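In: Make a model of this:
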Amino acid sequence: MPPTSEVPPRAAARRAPAHRKPRRPSPALARTGFGVTTAALTSVVLLAPQAGADPGAARPSVEDVQRKVDSLYREAGTATQKYNAAKERTDEQRAQANGLIDALASSTEDLNHSREDLARYAAAQYRDASGGFAGTATMLLADDPQSFFDQKYVLDRLAADQHTKVREFRDQQAATARKRTEAQESLNQLTAAQQDLRTSKTEVRGKLTQARELLTRLTAEEKARLAELERRKEAEAKKKAEEAAARQKKKAEAEQAAAAEAAKKESATADGATGTGTSTGAGAGAGTSAGTGASGGTGTASGSYTAKAEKAIAFARAQRGKPYVWGATGPDSYDCSGLTQAAWKAAGIDLPRTTWDQVEVGTRVSIDDAVPGDLVFFDDISHVGLYIGNGEMIHAPKPGASVRVESIYYMPLYGVVRPA
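Out: Reported below is the predicted structural model:
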């Protein structure tokens, strides 16, 4: 049967009249639907951060952040000293290469002059030979055969001299060229190494940036905790400095007492030997011993060292407040070894550029025998400060800090060197 478009009676009866309005949902149903939608959206918002969070990542403690920052600063100090050493070697190698290049240019110029002289001589020989007569015929036809032999001997000697000169200059040119190649290769290697160190320094700076970001993310309570840790560290370092100063003072007093006792015995011995004139003998003996005692009170440092050390310390004090900048040697900023180098230069003493070289200069002394002006080294010898007495030093601490006075016990000690 073909399809029909007529509507069955029952379906027509169920169809709503055309004039009837559509039924609205009930308020209860609307409220229920809105509540379900709101709850669903809220659950999505609340669950979204939890879904993106790493359940295995633990928030670092204040102590962890502090240790990481300190470690990165030490790495930066080590990288700075490597950079300083590479830069120093590069400058020396560049000067050597320039000298070799200048020598090569001079040798080449001399060789060119010799070649021109030889070319003129060869041309003259060619003109003489092109006259149509062989050497034997020229001799037979000459008015004076002896003069012919004399002239030929002179020409042969000149030719030999010219050849010798050319050979010498060629040898010199080859040797200079080899030196130039070696110097250039060495310079290229040092430049590449220096660039690698700069890249490494950039990486360390990136780590420092990460550490600083961790510090900025600390809560107020965590920042207060970190400040308290720093205060405790400073207080402990200051206490150790005071104890060291007390030990040094006690040692100096003992040395002075021993010197005074020695002077007293020397005076008594002199009085017993002379029998009379005790006043003069005692006066001479006491005067000599007093001078020795004063010298002993400053440890093993001589008077000249003390005078130079005072100049170095005065210079370093004048730099307080200037920023630490890696690789800087003044006058507006310094790194640690740049400051000590500049301070002792002001006293007339030239120190090497890096901490690793400065530690090899002078005499090693114990920390209890340290006197003002000595160099104090820390950790892996990547940091140095200028000792000023009483357990304190002046140093350029680290990136973000300025030249300042601080206890030598703020960092792990390596050793002490008297540079002059």
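
In: the strands in this structure, which residues?
Out: Applying DSSP state E to the chain gives strands spanning 363-365, 375-378, 383-389, 392-395, 404-407, 413-418.

In: so which of the ones you listed is the most packed in?
Out: Among the strands of the chain, strand 392-395 has the highest mean neighbour count (mean count of other CB atoms under 10 Å), at a mean of 26. Quick note: C-beta positions are derived from backbone N, CA and C, even for glycine.

In: Adjacent strands (with direction) for that one?
Out: Strand 392-395 sits in its sheet next to strand 383-389 (antiparallel), strand 404-407 (antiparallel), going by DSSP bridges.

In: Contacts made by it with the rest, please.
Out: Contacts to strand 392-395, defined as CB atoms under 8 Å, 6 or more residues apart in numbering, come from residues 241, 313, 316-317, 319-320, 336, 339, 343, 376, 383-388, 403-408.

In: what's the neighbour count on S61?
Out: 11 (other CB atoms under 10 Å).

In: meant to ask about L104
Out: Residues lying near L104 (other CB under 10 Å) number 17.

In: quick one: contacts for it?
Out: Listed by CB under 8 Å, 6+ apart, the contact partners of L104 are 173, 176-177, 179-180.

In: Buried ones only from the residues you listed, please, as a ChimeraX command.
Out: Buried residues among those (16 or more other CB atoms under 10 Å), as a ChimeraX selection:
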select :176,179,180
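
In: Switch the contacts of L104 over to JSON lines; also include pLDDT and distance to A79.
Out: Shown next, in JSON lines, are the contacts of L104 (pLDDT from 0 to 100; distance: CB to CB, whole Å):
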{"residue": "Q173", "pLDDT": "72", "distance to A79": "42"}
{"residue": "T176", "pLDDT": "72", "distance to A79": "37"}
{"residue": "A177", "pLDDT": "77", "distance to A79": "37"}
{"residue": "K179", "pLDDT": "74", "distance to A79": "32"}
{"residue": "R180", "pLDDT": "75", "distance to A79": "32"}
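
In: Return the member of the contacts of L104 nearest to V325.
Out: Of all the contacts of L104, V325 sits closest to R180, with 35.4 Å by CB to CB.

In: How about that closest one: what's its closest non-neighbour residue?
Out: In this structure, R180 finds its nearest non-sequential neighbour in L100, 4.8 Å apart by CB to CB, 6 or more residues apart in numbering.

In: Quick check: that neighbour vs S186, distance?
Out: 11 Å (CB to CB, to the nearest Å).

In: Look at those two and report which has more neighbours.
Out: Neighbour count, other CB under 10 Å: between L100 and S186, L100 has more, with 19 against 16.

In: Tell me which residues touch that one, please.
Out: Neighbouring residues of L100 by CB under 8 Å, 6+ apart: 176, 179-180, 183.

In: same thing but 10 Å
Out: The contact partners of L100, by CB atoms under 10 Å, 6 or more residues apart in numbering, come to 176-184.

In: so can I have TSV of those showing distance to R167?
Out: Formatted as TSV, these follow (distance: CB to CB, whole Å):
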residue	distance to R167
T176	15
A177	16
R178	17
K179	19
R180	20
T181	21
E182	23
A183	25
Q184	26
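
In: And D332, what's its pLDDT?
Out: D332 carries a pLDDT value of 97.

In: I figured it hits V325, correct?
Out: Yes: the criterion here is CB atoms under 10 Å, and D332 meets it with V325 at 8.4 Å.

In: the more surrounded of those two?
Out: Just comparing D332 and V325: by other CB under 10 Å the higher neighbour count belongs to V325, 16 against 9.

In: P397 is in contact with that one, correct?
Out: No: checked against CB under 10 Å, the pair V325 and P397 is beyond contact range at 11.9 Å.

In: number of nearby residues for P60?
Out: Neighbour count of P60, defined by other CB under 10 Å: 15.

In: on that earlier part again, what do V325 and P397 both touch?
Out: D335.

In: Okay, helices next: where are they in the stretch 151-300 of the chain?
Out: Assigned by DSSP state H, counting those that start in this stretch, the helices in the stretch 151-300 of the chain fall at 220-274, 278-296.

In: Next: the stretch 301-420 of the chain.
Out: With DSSP H, counting those that start in this stretch, the ranges of helices along the stretch 301-420 of the chain come out as 303-318, 336-346, 355-358.

In: which of the residues in the second one are buried?
Out: Along helix 336-346, the positions that meet the burial threshold by neighbour count (16+ other CB under 10 Å) are 336-345.

In: A420 contacts Q358, doesn't it?
Out: No: the pair A420 and Q358 fails to qualify as a contact (CB under 10 Å) at a distance of 12.0 Å.

In: In terms of neighbours, single out the busier of these two.
Out: Q358 (23 against 19).

In: Could you check the pLDDT of that one?
Out: Q358 is assigned 96 on the pLDDT scale.

In: any chance of the helices of the stretch 301-420 of the chain in a markdown table, with distance to V365 too?
Out: Shown next, in a markdown table, are these (distance: least, CB to CB, whole Å):
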| stretch | distance to V365 |
| --- | --- |
| helix 303-318 | 12 |
| helix 336-346 | 16 |
| helix 355-358 | 14 |
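
In: Would you tell me which of those gets closest to L72?
Out: Nearest of those to L72, taken as CB to CB: helix 336-346 at 16.0 Å.

In: quick one on the thing from earlier: anything in contact with each of A420 and Q358?
Out: Listed as contacting both A420 and Q358 by CB under 10 Å, 6+ apart are 344, 351.

In: Of all the strands of the chain, which one is nearest S200?
Out: Nearest of these (CB to CB): strand 383-389, 17.7 Å.

In: Measure how the closest one sits relative to strand 413-418, angle-wise.
Out: 60 degrees (axes from the mean of the first three to the mean of the last three CA atoms, to 10 degrees).
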